[in-house]
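J.: Build the 3D model from these lines:
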Amino acid sequence: MNSEKAEKKPKIKKVLRVTVDVALFFIILFALFALVLSIASKKDSDGTATVFGYQLRFVRSDSMDKCELTDVSGYRIKSIPVKSCIFVQVAPEDEEQKKEWYASLKVGDVLTFRYVYTRQETITHRIVSIEEKDSGGYIITLEGDNKNADSEQLRQTIDTSLTDSPNYIIGKVTGQSYILGIIVYAFKTTVGVICLIIIPCFIIIGFEIARLVRVLSADKKEKAKEKEQRQTEEIEELKRRLALLQNQKNAAENPSDNCDGN
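T.: Numbers count the residues shown, from 1 in each chain. Now for the predicted structure:
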């Protein structure tokens, strides 16, 4: 039984050490990501950073939430819950590239765009119809998935040929993550920062201090053991020499013992 417990202890310590190292890695990775984001970002008119042609935005309303009245099963981007993080591919600035980009859009794609009601707002909705204009450009109609939402702002129409319009498309949603959104929202609160950063950091620091103490203690024990071994060897050497001296003394005091009896 004792041997089984002795075998389990190193395994538990190893698991804890790996867990701490992984947690530390992710905290450092998140910090580096935030640093790169702040350095490489270029903010648009509503203060959102664009990095390598993409934006990370967070859904604040339920207009794209799941609704039984809207079938999204055939679309790549499904319904988007509140607080989700969305990845937006920003529309090109070059006019020729922008024309090709608009031509690639299809019904069911989800776009993020700026739209004016009483004030200009940023909205993320799904394309429900695209009409190509004879004079160039498209009339794109967008609508939220959640028909049950308590909002009168569920449908919008954007004319892409109006370059100076306050109603314009920012980009297309290419992915979403509810978990990442929840984590980022948590980081925006004091409790979230305490739970997700400060407490894990203190735990990691505590484990590292404990590990350092164990290493120093083991090193101290090893040095003490080496010192004890050296002292034991020195004592044994002294005993050997004393025994040799005693034998020499006895031989000198009793020279007859070395004679053959003549």
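J.: And stretch 163-172, how far out from the chain middle?
T.: Relative to its chain's centre, stretch 163-172 lies at 33 Å (Cα atoms, centre = their mean, to the nearest Å).
J.: Let's see it as CSV, backbone CA atoms only.
T.: Provided in CSV are the C-alpha atoms of stretch 163-172 (Å, rounded to 0.1, in the frame of the first residue of the first chain):
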residue,chain,number,x,y,z
THR,A,163,-19.8,55.6,-52.5
ASP,A,164,-20.6,58.6,-50.3
SER,A,165,-23.6,57.0,-48.5
PRO,A,166,-23.5,56.7,-44.7
ASN,A,167,-25.0,53.2,-45.3
TYR,A,168,-22.1,51.0,-46.4
ILE,A,169,-20.7,47.5,-46.0
ILE,A,170,-17.7,46.9,-43.7
GLY,A,171,-17.2,43.2,-44.5
LYS,A,172,-18.4,39.6,-44.5
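J.: which parts of that stretch are buried?
T.: 167-172 (16 or more other Cβ atoms under 10 Å). The C-beta positions use only the backbone N, C-alpha and C, and glycine is treated the same way.
J.: do the same with stretch 131-142
T.: Within stretch 131-142, the residues scored as buried using 16+ other Cβ under 10 Å are 137-138, 140-142.
J.: can you check stretch 113-133 too?
T.: Within stretch 113-133, the residues that count as buried by 16+ other Cβ under 10 Å are 113-115, 122-127, 130.
J.: What of stretch 175-192?
T.: Of all the residues in stretch 175-192, those buried under the rule 16+ other Cβ under 10 Å are 176, 180-182.
J.: Out of the residues you listed, the closest to residue 58 would be?
T.: Using Cβ to Cβ, residue 181 is the member of the buried residues of stretch 175-192 that sits closest to residue 58, with 5.6 Å.
J.: circling back to that earlier point, among the buried residues of stretch 175-192, which lie within helices?
T.: Using DSSP state H, 180-182 are the members of those that sit in helices.
J.: Am I right that residue 169 is in a helix?
T.: No - Residue 169 is assigned strand when assessed by DSSP: H, G, I helix; E, B strand; the rest coil, not a helix.
J.: Excluding covalently adjacent residues, which one is nearest to it?
T.: residue 113 (4.6 Å; Cβ to Cβ, 6 or more residues apart in numbering).
J.: pretty sure that neighbour is touching residue 156, no?
T.: Yes - counting by Cβ atoms under 8 Å, residue 113 does reach residue 156; the two are 7.4 Å apart.
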